[in-house]
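[1] Pasting the sequence and the predicted coordinates here, then a few questions.
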Amino acid sequence: MVMPIQDVMTTKNMWIFMKPFSLELWLTIFMASIFVGISIGILELRASHSNPEFQGPLRRQLSIMLWVPISMVVFPERRMVVNKWSKFVLLVWLVLSFILFQCYTAKLTSMLISVDDEPQHFFNKLERPYIAGYRNGSFVKDFLVEELKFSESRLMAYTTIDEYQKALSKGSRNGGVDAIFDELPYVNFLLLKYGSKYTKVGPIAKTSAFGFKKSGYDELPSISPQSPSLKAPSFIGLFIITGVATIFGLVCSEISRRFSGRLSSNRLESRVLSIVEMSVAGDSPIAEN
């Protein structure tokens, strides 16, 4: 089935931008963002030279922690972290965000340009009387009437590809049609010639024409808007890697901080002992005075 792109878009709802991901996946991303933000905040506060971005009242610190994971995805060039372990956690988070963004874009794009409903269900979404066209003398008319239960009063016959284009451009309100049904070679030729205005939607019905056997519907090789949204289990491996990397960064930062503290303490102790020994030996600047 071939339809004008703008008519395909009218079947979409205003919340379609939320549909590429399921609710559980959106919630998982939100929770992961909070976890990463708090972890980065802790790492930055533990830094030897505390990051001024994370200083101030508790309310401001919490807002910065929640904002950092989002802002670094949108503005990666900003340098909001100084701790090397914060940068490590942030790098893993950005990789996760990039993969999720690519999957979201691909899913949303396919939802906007493809439909997998059966024709009758699809036309019902147009909220207006529909007219469908077919090639004159083709078996397609019988198929539409007998198999898809179309009313003959809503079918119009055409002879050439140019007539298809004119009928589609007019639309049913102006004496044209809402969609064209034909065999794949003719459909592909129509799209090849006028592809910028029209798109192929819906399932493909196999018939005896061109060597095909009638066997109902086969799905188009694309992701459809009626297929299930992407779910959290599809990305569970990425979230586990992000969680492990974040915990690893926190642990390594704590070990590094304690080791540095002990090293500084040992150096101070050695310095004090050295001064005491020099004083006892009479070589201390204090003793000379």
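    Everything's here; your move. Keep in mind that this is a model prediction, so the values were computed, not measured. Residues are numbered from 1 along each chain as shown.
[2] Can you report how many residues lie near the residue nearest to residue 25 when sequence neighbours are not counted?
    Spatial nearest neighbour of residue 25, chain neighbours left out: residue 232 (4.5 Å); criterion: Cβ to Cβ, 6 or more residues apart in numbering. Any C-beta I mention is one placed from the backbone N, CA and C, and that applies to glycine too. By other Cβ atoms under 10 Å, the residues close to residue 232 number 17.
[3] Correct me if wrong: residue 232 contacts residue 22.
    Yes. With contact defined as Cβ atoms under 8 Å, residue 232 reaches residue 22; the gap is 7.1 Å.
[4] Low-confidence bits of this structure, can you list those?
    5-14, 47-51, 53, 76-78, 113-129, 202-228, 260-289 (pLDDT under 70).
[5] redo that, cut-off 50
    The model of the chain has pLDDT under 50 over residues 116-118, 120, 126-127, 210-226, 284-289.
[6] Where do the domain boundaries of it fall?
    Structurally, the chain divides into domains by automatic domain parsing as follows: 12-114+231-264, 119-216.
[7] Identify whichever of those domains lies nearest to residue 2.
    Nearest of these to residue 2, taken as Cβ to Cβ: domain 119-216 at 4.5 Å.
[8] Going by residue numbers, what spans are strands in this protein?
    2-4, 132-135, 155-158, 179-181, 198-200, 204-205, 217-218 (DSSP state E).
[9] most tightly surrounded among those strands?
    strand 179-181 (a mean of 25; mean count of other Cβ atoms under 10 Å).
[10] In stretch 25-45, which residues are buried?
    25, 28-29, 32-33, 35-44 (16 or more other Cβ atoms under 10 Å).
[11] typo on my end, stretch 59-79
    Across stretch 59-79, burial judged by 16+ other Cβ under 10 Å covers 61, 64-66, 68-69, 72-73.
[12] and if you look at stretch 240-257?
    Buried residues in stretch 240-257 (16+ other Cβ under 10 Å): 242, 245-246, 249-250, 253.
[13] who's in contact with it?
    32, 35-36, 39, 42-43, 46, 83, 85-86, 88-89, 92-93, 96 (Cβ atoms under 8 Å, 6 or more residues apart in numbering).
[14] And these, which two are furthest apart?
    Counting by Cβ to Cβ, the most remote pair of these is 46 and 96, 23.1 Å apart.
[15] Give me the more crowded residue out of those two.
    Using other Cβ under 10 Å, the more surrounded residue of residue 46 and residue 96 is residue 96, with 22 against 16.
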